[in-house]
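Student: sequence first, predicted coordinates after that:
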Number of protein chains: 4
Amino acid sequence: MLLIKEIGTDALFALQRVLEGEELERARAFYRHCADGDLAVCVAQTDVKGDRGKGPSAQADPDLYLRIVDQNADGIVVRGAKVHTSVSMNANEMIVLPTRTMGPDDAEYAVSFAVPLDTEGLGLYVSSYAAGERNAFEFPVSSRYKMVETLTVFDDVFVPWDRVFMCRDHEKAGPLALTFVEYHRFTAVSYKLPLLDALVGAAGEIAQMNGIMKASHVREKLTWLITYAETVRALTEMAALRCRTGAHGIAYPDPMTTNMAKYTFASRYHEALEHVQDLAGGLLVTGPGGEDWENPEIRAVLEKYFRAASPADVRLRMLHLISDLTARDLGGYHAVLAVHAEGSIEAEKLQIFRSYDPTAAMAYARRLAGIG
Amino acid sequence: MLLIKEIGTDALFALQRVLEGEELERARAFYRHCADGDLAVCVAQTDVKGDRGKGPSAQADPDLYLRIVDQNADGIVVRGAKVHTSVSMNANEMIVLPTRTMGPDDAEYAVSFAVPLDTEGLGLYVSSYAAGERNAFEFPVSSRYKMVETLTVFDDVFVPWDRVFMCRDHEKAGPLALTFVEYHRFTAVSYKLPLLDALVGAAGEIAQMNGIMKASHVREKLTWLITYAETVRALTEMAALRCRTGAHGIAYPDPMTTNMAKYTFASRYHEALEHVQDLAGGLLVTGPGGEDWENPEIRAVLEKYFRAASPADVRLRMLHLISDLTARDLGGYHAVLAVHAEGSIEAEKLQIFRSYDPTAAMAYARRLAGIG
Amino acid sequence: MLLIKEIGTDALFALQRVLEGEELERARAFYRHCADGDLAVCVAQTDVKGDRGKGPSAQADPDLYLRIVDQNADGIVVRGAKVHTSVSMNANEMIVLPTRTMGPDDAEYAVSFAVPLDTEGLGLYVSSYAAGERNAFEFPVSSRYKMVETLTVFDDVFVPWDRVFMCRDHEKAGPLALTFVEYHRFTAVSYKLPLLDALVGAAGEIAQMNGIMKASHVREKLTWLITYAETVRALTEMAALRCRTGAHGIAYPDPMTTNMAKYTFASRYHEALEHVQDLAGGLLVTGPGGEDWENPEIRAVLEKYFRAASPADVRLRMLHLISDLTARDLGGYHAVLAVHAEGSIEAEKLQIFRSYDPTAAMAYARRLAGIG
Amino acid sequence: MLLIKEIGTDALFALQRVLEGEELERARAFYRHCADGDLAVCVAQTDVKGDRGKGPSAQADPDLYLRIVDQNADGIVVRGAKVHTSVSMNANEMIVLPTRTMGPDDAEYAVSFAVPLDTEGLGLYVSSYAAGERNAFEFPVSSRYKMVETLTVFDDVFVPWDRVFMCRDHEKAGPLALTFVEYHRFTAVSYKLPLLDALVGAAGEIAQMNGIMKASHVREKLTWLITYAETVRALTEMAALRCRTGAHGIAYPDPMTTNMAKYTFASRYHEALEHVQDLAGGLLVTGPGGEDWENPEIRAVLEKYFRAASPADVRLRMLHLISDLTARDLGGYHAVLAVHAEGSIEAEKLQIFRSYDPTAAMAYARRLAGIG
């Protein structure tokens, strides 16, 4: 379960770069604990947030952002809930991070810590999205793999001090949130590359199987898909090649290039789906199901009528792969993740703007304009 | 069941505009038969097509386009299969149309007729797509409505002469196919308007419920959605206002404007999905399901934590509507239909190009260039 | 000089719709004066504006928006400057309108009036853009036509009361500004249609002359251009068909549809230039000039080597038309006007958002979601 | 004049990678000749081409592609013409390359050689585009720099054998043409980066000077421009980092990445112009000229009324820079070059498609689909 560790390591790196003093020591100790035990670590960051037009302390219910409700010599007590917590069902430990910049009024919301998943008061409410058994003919991917997200509720959960990484330090809430995202966005766009390869490859396969490879619009769409996938790959690799060393000697990928990679991935994903669906054809949503395929009598009919430039068998399987990836709930899952996961499209644009240094370009423009 | 009649009337109009002589009389008689009986009429047009790079008579299996295999004094016998046949399960009669232009070698494929659905040898193989029971909380639309498509197999079906509208008249195959599409594309883009209104309305609702209405990027996306939906509406209305009268006094919407409406709808649909998903948030694919909602104890937790600028109840229902329309199989169904149904995006572009009269614009350019 | 009257009539209609009482009578009298005298009327609206981040009364120099500096029994005295005043050089009368919504502090800036062009203190500073003689071979359009804009300075200009339409009525400044734009944006997009036809026609001509008409990418680009021009035309016609009657019985085109037409025109204009340039080829900027063409010896060389699927003569003339329209200063003029004239792209989006009535769509979404 | 050498070196590298045997030796000798003499070397590649729908030997006039018309013991004689020959006016030597793949019938057109610019029979017909004196206030860049292109006519030019690199070797014509472009496209996109920086920098400067930096649409447009410029830069750098070593030990940048960089540059350039013009405002085409600015009395008026968040002086100079770069003939020149120079947008797409290796992606898709 590599993915779990990747999310966890993103948070572990961020904690060790942003924290100082005793908190840093706690983070380092927790890091060793995870490494030594080969533990799966998930991360809960996004608060439920309530009314998005208001900050943590201005909500109708103060629990709409996770907060410290009590504190004593042994530790803190927290209440609230996080959404979109990936793979929490499969993890040993959960790291909790603040979701955004906090002001002085939001001090009780500036909190970060780690707890084992079996902690008292910690509740996981699993999303029903894409639940249920599926047959492998119709759902070649989603019948085998499923990522699970939870609403993660902290019902007055106690956290001992050695697991508390941030307590009311509102000035560090934003930096910690952003530093985690710096790593996590790079992790995310890296693990999206196989998804893009699957779309490009499936598009090429189905174009050949349908016998349309020579049509100019088909080549146009394949070229678009190739350019999309390979631009994301090149930007991702470049983000790594341009990595820098941050506080406490911890390296990080170049933020501007990382965000450009993620933004390019996110902002063209739906267009990619359109092109793949275009090449595949309407059978994506009108094709035959697994039960019919299992019936020998019906299968003979399907085999006769669904052959194209390839036999019906491989063509239907490729169509169902594309349907699974683009036109059913797994497809919708990836489409929504493209827009929202690891930061929204708007967040990525904001980070590109902020991490770009305009000094040289503006000075060059002034020079060309003959200004001072 | 209005939709069934709309598909049927598109074909009935096309037959009565393109046919001549005895065939025209048969079509008119069939039209009166349907009208008098208030019959639901479906249409089977798209052949399974086999290798798209080859024409009907060049396929490995001659049955990959529907064809006449026998003929006698009483009628004809046809064999082959049509895909994507909508609402055939709910119809009384099925009109069969050729799918494309035919050459002299394809004469046996130039065939059009009508049969009752209970005709011997006619087999309907229902698609499994989006099958199964759903709860109304998670699937507010798809739990109630489902359009069914079939693979429609003609296993040596006999059709009496008074139901045969075209028999080996290969020169009329293309005109009949295109004339049907002229009506059908207009019908299609007309009935898509409520879907676009649902997307615009749901986007506006969820933006308010999330409390993000004042953010500039939110207004930008809502404006995009409005412009998209209203441009499609304006073009659709204009196609009707620019209608003309064709052969045998039968009116038809302006082809260029119809195709522009359909193309505009089709080519921006996926971007519309992206914007609606962007405004809604990641809960589209990580939100709670109907069973949890039914449990009073869990519902209390969900109500506490999913309230935003509106109570959790209405917000979750709106989120599930958007999930149903954009991120699950109903959403995938509409997305694929946008690209493929009633003619592909490429077909629409081709018809815009063909139906545009460049004479005036080219003469104007020559005049401006000072040429002759 | 029809254009001048169109700008003038846009303002005359707006004044007669927005004003009341004595001011309305003055506007009506001025309207009759212009009609009776068949006068050319220009409009000065856009103030120089200074720092765009500040309102009129917050500028470092109070004259950066036109304002009333004195007033007596005979009339008012105004000071300030307007930019982008089209065809002021060719007009008999100039109508001055406020440029934006004004607050109570901006009362002295809420002013509208009319003056003859030869009024004392009125100064016109003509833009140098695209000035100079041009030969007709290289510049087939811009050698013959030129629209002139001025910086229009009011150096304590006196305006008698019967020419004053608005004086410190800050609440009407916004409505008058917007009402003028409602007409003017419709006028503008209407007179852009020949420009779009010229682009479509020239693209078709040069594609034929270059011998590339059968290439699929060429048809793709021509189809794009046709769809662009014809969508703008359809929306413009629909804005007129959906016209309504406003205050004082004065009709106006539908604002939402007008703004969609203008926005569609404006936001795709640069892409249109790209496609036309793509079809034309690099000779747009490396081709021979008029002097070489006039030289018989050189012309023989040019005629030999610039023939394509047409003789060199007509092809070079068509190329120079396209260069004039897309790649030289006339082309730049139209490109910048597309983005800024008669309201910016942002202003058009804002008006689409404001003029759209979301009630029905949002109620429909709520009904589908099963909400009350 | 670094640019001249860059074009020349692109050709010198290509010749030394593609040629073999005696021709290779000649190319190497010519390379040393250029290096030793520090010579400026231009390249003539694009034939006038005549009817683009026909190949070299099918044209009405056989001279519409450059060809060998005679040959003897001393060398060859060539006739024909090349267009778009950059900086030929400033070069010492000209390398001539074939423009495309040739078939067996086109052998006489498969020719490559080098000649000094003062060779008898070689005629340069300079384009008139953007000719003439300009004042530096209005045209800060184009008043100082001008790249000149020529129609380059070979009127039976003799070339001695030691300068002939390819003679009737039709199979090598295509490889040589493409290999040159491989280098030249990389050179081209590399030297475009300062142009993109100038656009980004000028956009940032004018946004500040206009006082609009805080508007969300302004940040949106700046972010778009940054992402555009920096994606091109990242892809260009990556093309170099992924370089390979070809025949005869000569390195070359990765073709797919090079073409993606160039395509990204080319296909979004017009949208970049739109955004820069949007941020600058209509003064780009209605602003004051240099002569008015030189007049102290008029300048006082202009200084009063054109100040914004910065003094009028720097703002007008920045506006004129942007006008020069985007809205006048220099701007048109760069826009047309973006689409056509060093290969058209279509050529770039074709090379992306051809240089992409789909093996891994297609195998991955098959594996996911459960196929073999």
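Tutor: That came through, no problem.

Student: domains in chain A, as residue ranges please.
Tutor: Domains of chain A are assigned by automatic domain parsing as A:2-168, A:176-362.

Student: buried deepest among those, which one?
Tutor: domain A:176-362 (a mean of 21; mean count of other C-beta atoms under 10 Å in any protein chain shown). C-beta: built from backbone N, CA, C; applies to glycine.

Student: show me how far that one is from its chain's centre.
Tutor: 13 Å (C-alpha atoms, centre = their mean, to the nearest Å).

Student: does it reach chain C?
Tutor: Yes - using C-beta under 8 Å from any C-beta of the partner chain, domain A:176-362 reaches chain C at A:216, A:217, A:220.

Student: chain D is nearest to which of the domains of chain A?
Tutor: With C-beta to the nearest C-beta as the criterion, chain D lies closest to domain A:176-362 of those, at 3.3 Å.

Student: just the terminal-to-terminal distance for that closest one.
Tutor: 31 Å (C-alpha to C-alpha, to the nearest Å).

Student: cool, stretch A:307-315 as well?
Tutor: By C-alpha to C-alpha, the extent of stretch A:307-315 from end to end equals 7 Å.

Student: what's in contact with that stretch?
Tutor: With C-beta atoms under 8 Å, 6 or more residues apart in numbering or on different chains as the test, stretch A:307-315 has contacts from A:206, A:208-211, A:302-306, B:49-53, B:60-61, B:64, D:369, D:371-372.

Student: ok, now stretch A:212-222?
Tutor: Contacting residues not belonging to stretch A:212-222 are listed as A:200, A:203-204, A:207, A:275, A:278-279, B:52-53, B:346, C:216-217, C:220, D:349, D:353 [C-beta under 8 Å, 6+ apart].

Student: which of these fall in helices?
Tutor: A:200, A:203-204, A:207, A:275, A:278-279, B:346, C:216-217, C:220, D:349, D:353 (DSSP state H).

Student: for residue C:318, which of the domains of chain A is the nearest?
Tutor: domain A:176-362 (25.4 Å; C-beta to C-beta).

Student: average model confidence for that closest one?
Tutor: pLDDT averaged over domain A:176-362 equals 97, rounded to a whole number.

Student: likewise stretch A:365-372?
Tutor: Rounded mean pLDDT across stretch A:365-372 is 94.

Student: just to revisit the earlier point, among the contacts of stretch A:307-315, which are located in helices?
Tutor: A:206, A:208, A:209, A:210, A:302, A:303, A:304, A:305, D:369.

Student: now the closest residue to the last one other than its chain neighbours: how far from residue B:162?
Tutor: Of all residues not flanking residue D:369 in the chain, residue A:321 sits nearest, at 3.9 Å (C-beta to C-beta, 6 or more residues apart in numbering or on different chains). Distance of residue A:321 to residue B:162, computed by C-beta to C-beta, to the nearest Å: 46 Å.

Student: what secondary structure does residue A:151 sit in?
Tutor: Following DSSP: H, G, I helix; E, B strand; the rest coil, residue A:151 is assigned to strand.

Student: the residue of the stretch 201-350 of chain A found nearest chain C and residue A:222, how far apart?
Tutor: At 3.6 Å from chain C, residue A:216 is the closest residue in the stretch 201-350 of chain A, using C-beta to the nearest C-beta. Going from residue A:216 to residue A:222 by C-beta to C-beta gives 11 Å.

Student: and the residues of domain A:176-362 next to chain C, which is closest to residue D:271?
Tutor: residue A:220 (19.0 Å).

Student: report the separation between that closest one and residue D:260.
Tutor: The spacing between residue A:220 and residue D:260, counted by C-beta to C-beta, is 15 Å.

Student: ok, now residue A:153?
Tutor: Using C-beta to C-beta, residue A:153 is found at 46 Å from residue D:260.

Student: assess the claim that residue A:26 and residue A:160 are in contact.
Tutor: No - look at residue A:26 against residue A:160 with C-beta atoms under 8 Å: they stay out of range, at 10.2 Å.

Student: and the nearest residue to residue A:340 once chain neighbours are set aside, what does it touch?
Tutor: Excluding the flanking residues, the one nearest residue A:340 by C-beta to C-beta, 6+ apart is residue B:282, at 4.0 Å. By C-beta under 8 Å, 6+ apart, the residues touching residue B:282 are A:46, A:83, A:84, A:336, A:337, A:340, A:341.

Student: for the stretch 51-200 of chain A, what spans make up the strands?
Tutor: A:67-71, A:75-86, A:93-96, A:111-116, A:122-126, A:149-160, A:164-167 (DSSP state E, counting those that start in this stretch).

Student: please tabulate the ones you listed in a markdown table, including the columns distance to residue D:252 and mean pLDDT.
Tutor: Conversion of the strands of the stretch 51-200 of chain A to a markdown table gives the following (distance: least, C-beta to C-beta, whole Å; pLDDT from 0 to 100):
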| stretch | distance to residue D:252 | mean pLDDT |
| --- | --- | --- |
| strand A:67-71 | 59 | 98 |
| strand A:75-86 | 43 | 97 |
| strand A:93-96 | 47 | 98 |
| strand A:111-116 | 50 | 98 |
| strand A:122-126 | 53 | 97 |
| strand A:149-160 | 47 | 98 |
| strand A:164-167 | 50 | 98 |
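
Student: dump those to CSV, plus distance to residue D:176.
Tutor: Putting these into CSV (distance: least, C-beta to C-beta, whole Å) gives the following:
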stretch, distance to residue D:176
strand A:67-71, 70
strand A:75-86, 54
strand A:93-96, 59
strand A:111-116, 62
strand A:122-126, 63
strand A:149-160, 57
strand A:164-167, 63
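
Student: nearest to residue A:249 among those would be which one?
Tutor: Of all the strands of the stretch 51-200 of chain A, it is strand A:164-167 that lies closest to residue A:249, at 18.6 Å by C-beta to C-beta.

Student: quick one: list the elements packing against that closest one.
Tutor: With contacts taken as 3 or more C-beta pairs under 8 Å, 6 or more residues apart in numbering or on different chains; DSSP states H and E, strand A:164-167 sits against helix A:21-37, strand A:75-86, strand A:111-116, helix A:170-210.

Student: run through who's touching that strand.
Tutor: Looking at what lies outside strand A:164-167 - C-beta under 8 Å, 6+ apart - the contacts are A:15, A:19, A:23, A:26-27, A:30, A:68, A:71, A:75-76, A:98, A:110-114, A:172-173, A:176.

Student: show me how far that strand is from its chain's centre.
Tutor: Here strand A:164-167 is found 25 Å from its chain centre; the criterion is C-alpha atoms, centre = their mean.

Student: partner strands of that strand, with direction?
Tutor: Strand A:164-167 has the following sheet partners, assigned by DSSP bridges: strand A:111-116 (antiparallel).

Student: just the CA coordinates for the strand it pairs with, please, in PDB.
Tutor: Only the C-alpha atoms of strand A:111-116 are listed here, as PDB (Å, rounded to 0.1, in the frame of the first residue of the first chain):
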ATOM      1  CA  VAL A 111      -3.500  22.500  15.900                       C
ATOM      2  CA  SER A 112      -1.500  19.600  14.500                       C
ATOM      3  CA  PHE A 113      -0.900  16.200  16.000                       C
ATOM      4  CA  ALA A 114      -0.800  12.500  15.300                       C
ATOM      5  CA  VAL A 115      -3.000   9.700  16.700                       C
ATOM      6  CA  PRO A 116      -3.300   5.900  16.100                       C
END
